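Asker: This is a predicted model, with the sequence first.
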Amino acid sequence: MRRPARSEPAASAAPRPEPVGPASAGPASVVPAVPPAVPARVVPPWLALIVAALGGVASASQSAVNAELGARMGNAVVGAAVNNIGGSSLIVCGLLLVPSMRAGLRTLRRARLPWWTYLGGIGGGFLVIAATYAVPVLGVAVFTIAQVAGTSVGGLAVDRTGLAPAGRLALSGPRLTGALLGIGAVAVAQIGRPVGQLAVGLVALAVAGGLAVAIQSALNGRVSAASTTAAGTVVNFAVATPMVLGVAVVLGASGAVARGGWPGDWFLYLGGLFGVMVMVALLVGVRSVGVLRTGLGVVGGQLIGALLIDVLRPDGPGVGVGLLAGAGLIVAAVLVSGRGTAGVRDGTRRRMADSIRWRTK
């Protein structure tokens, strides 16, 4: 008998890839990936690191204007409160004027993420609280070193568990070396700067603030991957702003506001704009290179921003050898921490893309 000719299968009849989830990810997966309803665009690693560095420059500028505003108002928390109010106002204007931002929120609602993924803004609010208590006692230098140590350790942990949308990244020698180089870079850059009392409890609070920022970056990154970067920014400020304002009231900021005396320098009120820029940089970075390398890129930008501020300020200390050496070390940390992670990251992206296609059929 003549066998019937075998026809080519139609494109729609292609076999579906196996779904990726807790059952198929294997026992090593601690946190299963939450794929977006529409494949999220991930920028190349080199571009993500540049964006993270620009976010670091914005972060240094944000800290400078917030501290100056708080000092002139007689209450350090006023700067943080104005920062979050300004950032939230920009977000509201964006929601009213940009339809794509509202579309991102609708996409996020359909994604049905677990409730705890929306709590990333608490990490940023906690860091503000930690800085309010710790910086006056420890000084900026010790606080920054402790915070970066916490962020580096937290970045290693959340990348290892797969909490960030970049997927699970192993605790390898290069990544651990990069984290240590990042801490060393900040320590070297702070040589010669004022140091306060070494209160163990406040140092631990600063480290906890760094850990909170690492978790914030991972959770907000998952929200962004499930919708848009704009939606992740909206969620962050929606959670962080009430927390910061509540802390400001408790710490007496309302009394400083009631006394008035607002300074007339317009640039002191740009903290909210800088905060939005920092959040966008974090969201772009963690989706591409993970929390650890994004944090290192931000630290590099902070050092560059601090260098520019020191040079441009009339009463600034100028360019120090420690700051230049720290900038060199942070570049080395970013390069070293990225070795051996490309294959793992690409494999994770392929699994997420397969899962997206399977769910949308």
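Answerer: Alright, I've got the coordinates.
Asker: what's the following helix or strand after the lowest-mean-pLDDT helix or strand in the chain?
Answerer: One helix or strand of the chain scores below all others by mean pLDDT, DSSP states H and E: helix 22-25, with a mean of 39. Downstream of helix 22-25, the first helix or strand assigned by DSSP states H and E is helix 45-73.
Asker: ok now that following helix, how far from the chain's centre?
Answerer: Relative to its parent chain, helix 45-73 has a centroid offset of 12 Å by CA atoms, centre = their mean, to the nearest Å.
Asker: Tell me which other helices or strands it touches.
Answerer: Applying 3 or more CB pairs under 8 Å, 6 or more residues apart in numbering; DSSP states H and E, one finds that helix 45-73 contacts helix 76-97, helix 271-312. Yep, even glycine has a C-beta here, placed from its N, CA and C like the rest.
Asker: Sketch out the low-pLDDT regions of the chain for me.
Answerer: Applying pLDDT under 70 to the chain picks out residues 1-41, 139-141, 193-198, 310, 313-320, 340-361.
Asker: Just the buried residues of stretch 72-80, please?
Answerer: 72-73, 75-80 (16 or more other CB atoms under 10 Å).
Asker: mind giving me CSV with the residues you listed and columns for distance to A212?
Answerer: As requested, the buried residues of stretch 72-80 are exported to CSV (distance: CB to CB, whole Å):
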residue, distance to A212
R72, 28
M73, 26
N75, 23
A76, 19
V77, 17
V78, 22
G79, 19
A80, 15
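Asker: closest to P242 among those residues?
Answerer: A80 (13.0 Å; CB to CB).
Asker: Give me the nearest residue to that closest one, chain neighbours excluded.
Answerer: V128 (4.7 Å; CB to CB, 6 or more residues apart in numbering).
Asker: Which strands or helices does the helix or strand harbouring that neighbour pack on?
Answerer: Assessed by DSSP H and E, V128 sits inside helix 121-138. When contacts are defined as 3+ CB pairs under 8 Å, 6+ apart, helix 121-138 sits against helix 76-97, helix 140-161, helix 200-226, helix 229-250.
Asker: Go again with 10 Å.
Answerer: In terms of contacts (3 or more CB pairs under 10 Å, 6 or more residues apart in numbering; DSSP states H and E), helix 121-138 is packed against helix 45-73, helix 76-97, helix 140-161, helix 200-226, helix 229-250, helix 271-312.
Asker: Between those, which one is closest to R112.
Answerer: helix 200-226 (9.0 Å).
Asker: Next, the angle helix 271-312 makes with that closest one.
Answerer: Put simply, helix 200-226 runs at 120 degrees to helix 271-312, going by axes from the mean of the first three to the mean of the last three CA atoms, to 10 degrees.
Asker: between helix 200-226 and helix 121-138, what angle do the directions make?
Answerer: Using the same axes, to 10 degrees: helix 200-226 against helix 121-138 is 150 degrees.
Asker: what inclination does helix 200-226 have with respect to helix 229-250?
Answerer: Using the same axes, to 10 degrees: helix 200-226 against helix 229-250 is 150 degrees.
Asker: Helix 200-226: how far from the chain's middle?
Answerer: Relative to its chain's centre, helix 200-226 lies at 8 Å (CA atoms, centre = their mean).
Asker: what about V334, neighbour count?
Answerer: By other CB atoms under 10 Å, 26 other residues sit near V334.
Asker: next one: V43
Answerer: 15.
Asker: L97 now?
Answerer: By other CB under 10 Å, 9 other residues sit near L97.
Asker: which residues does it contact?
Answerer: With CB atoms under 10 Å, 6 or more residues apart in numbering as the criterion, no residue contacts L97.
Asker: What residues does the residue nearest to A80 make contact with?
Answerer: V128 sits in contact with 66, 76-77, 79-81, 83-84, 209, 240, 243-244, 247-248, where contact means CB under 10 Å, 6+ apart.
Asker: Same check on A325?
Answerer: So A325 contacts 184-185, 188-189, 191 (CB under 10 Å, 6+ apart).
Asker: Ok, A230 next?
Answerer: By CB under 10 Å, 6+ apart, the residues touching A230 are 91, 94-95, 98, 100-105, 108, 224, 276, 280, 283.
Asker: same thing with F274?
Answerer: Contacts of F274 by CB under 10 Å, 6+ apart are 55, 57-66, 83, 86-87, 305.
Asker: still on that earlier bit, just the helices and strands packed on helix 121-138: most buried one?
Answerer: helix 271-312 (a mean of 25; mean count of other CB atoms under 10 Å).
Asker: Report the distance from it to the chain centre.
Answerer: So, by CA atoms, centre = their mean, the centroid of helix 271-312 is 8 Å from its chain's centroid.
Asker: Which element is encountered next along the chain beyond it?
Answerer: Using DSSP H and E, the first helix or strand after helix 271-312 is helix 321-337.
Asker: buried stuff in that next one?
Answerer: 322-323, 326-327, 329-334, 336-337.
Asker: how close does the closest residue to A306 other than its chain neighbours sit to G300?
Answerer: Nearest residue to A306 in three dimensions, chain neighbours excluded: A60, at 5.1 Å (CB to CB, 6+ apart). Distance, A60 to G300, by CB to CB, to the nearest Å: 11 Å.
Asker: Which secondary structure state is assigned to I191?
Answerer: Following DSSP: H, G, I helix; E, B strand; the rest coil, I191 is assigned to coil.
Asker: Let me know the distance separating the residue nearest to it when sequence neighbours are not counted from A134.
Answerer: Once flanking residues are discounted, I191 sits nearest to G322: 3.6 Å by CB to CB, 6+ apart. The gap separating G322 from A134 is 22 Å, by CB to CB.
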